[in-house]
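> Let me see the structure of the following:
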Amino acid sequence: MSLEKTLNLNINSPFKQGPSDLSFSILASGSSGNCTYIESATTHLMVDAGLSGKRIEGLFQQIDRSLAQVDAILVTHEHKDHIHGVGVLSRKYNLPIYANRKTWSVMANMIGKIAPENIKYIENEEMITIGDIDVLTYNVSHDAIQPQFYAFQRSKKQFVMLTDTGYVSQRLRDLLKNADAYLIESNHEIEMLRYGPYPWSLKQRILSDKGHLSNEDGALAMIDLIGEKTKDIYLGHLSRDNNTKVLALSAMEDTLTQYDFDIKRQIKLHMTDPAMATELKYL
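Alright, predicted model coming up:
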């Protein structure tokens, strides 16, 4: 079966079903660190650990969960705001770390010694099952060696993560359409970035096809991603210096309204935070 068919969840989905739904919390999202938690009744996963181990332990306490429950860490790419605590947590809790081989080739020297049995590979455009959660990978366009993000599926429920990308290709829009919930990047407000304090070289990097999605770009991507199942959109990876929650939320609301999506009854918008976990969302 092609990746396009397996990624596009619909009524004929090949993914296994079960009595337990999927739930997740965006523990931290932003330029200073990123970490997301996903669970079923029996499986507990974390994507990235871009903060100190101590801070991540505190974020788990906010949602009444423990890192001792976690079965594995999945890494999207090797930037510090995504891997800062990966090595520490793997060693402390004996956690397997999943990443593609190219990411491992760069990350290995950045996170310290990892037990050989905890070095796991998950390649781009691959589907694996961890516990009872199906994990799907896909390429994004970012200035890392081989960045990839993840969709999580269980009981015909799907949560899609899509940040740290300079643009969203039409192929990705087709592959990831009609999930129940999305984490979408709303990194910067373009005018704030252009006239802000960053050096021009950094501004060019952020605005490039290997940079980050602006508020407007993230909102326009959602227009193509929303399907009849979609109920929740989380705005993530906001820049500390080039954005505000008010501007990000306003851009998403305005764009969805312009395209006749009902943001009061059909779709709920959520903000994320670099220091405060979102409530566990049960799909």
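> contacts, neighbours, all on C-alpha from now
Will do.
> Nearest the geometric middle of this protein, what residue?
The C-alpha lying nearest the average C-alpha coordinate of the chain belongs to residue 161 (CA atoms, centre = their mean; 3.3 Å).
> what about that residue, distance to residue 105?
23 Å (CA to CA, to the nearest Å).
> again with residue 279
Relative to residue 105, residue 279 is positioned 35 Å away (CA to CA).
> got it, and residue 33?
For residue 33, the distance to residue 105 equals 21 Å [CA to CA].
> neighbour-wise, which of the two wins?
Shown here are residue 33 and residue 105; by other CA atoms under 10 Å, residue 33 has more neighbours (25 against 13).
> Take stretch 151-164, keep the C-alpha atoms, and write them as CSV.
The C-alpha coordinates for stretch 151-164 follow below in CSV (Å, rounded to 0.1, in the frame of the first residue of the first chain):
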residue,chain,number,x,y,z
ALA,A,151,1.5,11.6,12.6
PHE,A,152,0.0,9.3,15.3
GLN,A,153,-2.9,7.1,14.7
ARG,A,154,-5.0,4.9,16.9
SER,A,155,-8.7,3.7,16.7
LYS,A,156,-9.3,5.8,13.6
LYS,A,157,-8.0,8.9,15.4
GLN,A,158,-5.1,10.9,14.0
PHE,A,159,-2.9,13.7,15.5
VAL,A,160,-0.6,15.4,13.0
MET,A,161,2.5,17.4,13.9
LEU,A,162,3.8,20.0,11.4
THR,A,163,6.3,22.6,12.5
ASP,A,164,9.8,23.6,11.6
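> Leaving out chain neighbours, which residue sits closest to residue 231?
With sequence-adjacent residues excluded and distances taken as CA to CA, 6 or more residues apart in numbering, residue 231 is closest to residue 267, at 4.6 Å.
> Who are the contact partners of that neighbour?
230, 231, 232, 233, 261 (CA atoms under 8 Å, 6 or more residues apart in numbering).
> What of residue 83?
Residues near residue 83 by CA under 8 Å, 6+ apart: 48, 49, 50, 51, 75, 77, 111.
> now it: how far from residue 105?
From residue 83 to residue 105 the distance is 14 Å (CA to CA).
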